[in-house]
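K.L.:
Below is the structure, and that's it, no one-letter string:
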């Protein structure tokens, strides 16, 4: 006995459902792996200005930082286990629209003012030179 379903004018057989099941399973697995690797022990927020480490803050801090540079200013708010750009002197304000970042390896970049904020984990939060600091 062969089971045949008709969807949108085409016939789906049992083998098609098995294929669809495995594709969905692979996609769900990929999302699970991504979630696992992005929920490590987040412990620090690093702020870079002109590709140099400006300052490192603890993820649990509750602060508002005004960063002044030759290009302009940015105001960063650290709260709720994350960081967000709440004001900037750049013309496009894309960095403000990014919202709050809370997961490892997430970042906010203000290209006109050359400010980069990123979340780091215990695994990569050490004194090794980073690509961005070169």
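P.N.:
Received the coordinates, thanks. Just so it is clear, the structure is predicted and the values come from calculations on it, not from any experiment.

K.L.:
doesn't residue 82 make contact with residue 100?
P.N.:
Yes - with contact defined as CB atoms under 8 Å, residue 100 and residue 82 form a contacting pair (4.6 Å). Just so you know, the C-beta spots here come from the backbone N, C-alpha and C atoms, and that holds for glycine as well.

K.L.:
Run a quick neighbour tally on residue 78.
P.N.:
Neighbour count of residue 78, defined by other CB atoms under 10 Å: 21.

K.L.:
check contacts around the residue nearest the centre of the chain.
P.N.:
The centre of the chain sits closest to residue 106, judged by CA atoms, centre = their mean, with a distance of 2.5 Å. Counting by CB atoms under 8 Å, 6 or more residues apart in numbering, residue 106 makes contact with 118, 119.

K.L.:
distance of it from residue 33?
P.N.:
17 Å (CB to CB, to the nearest Å).

K.L.:
same deal with residue 117?
P.N.:
Distance of residue 117 to residue 33, computed by CB to CB: 26 Å.

K.L.:
Please report how far residue 106 lies from residue 82.
P.N.:
With CB to CB as the criterion, residue 106 and residue 82 are 8 Å apart.

K.L.:
Now for those two: what residues contact both?
P.N.:
residue 119.

K.L.:
where does this protein dip in pLDDT?
P.N.:
By pLDDT under 70, the weakly predicted segments of the chain are 1-10, 38-40, 122-134.

K.L.:
Walking through it, point out its strands one by one.
P.N.:
5-7, 10-12, 42-49, 52-58, 63-68, 73-79, 82-88, 107-110, 115-121 (DSSP state E).
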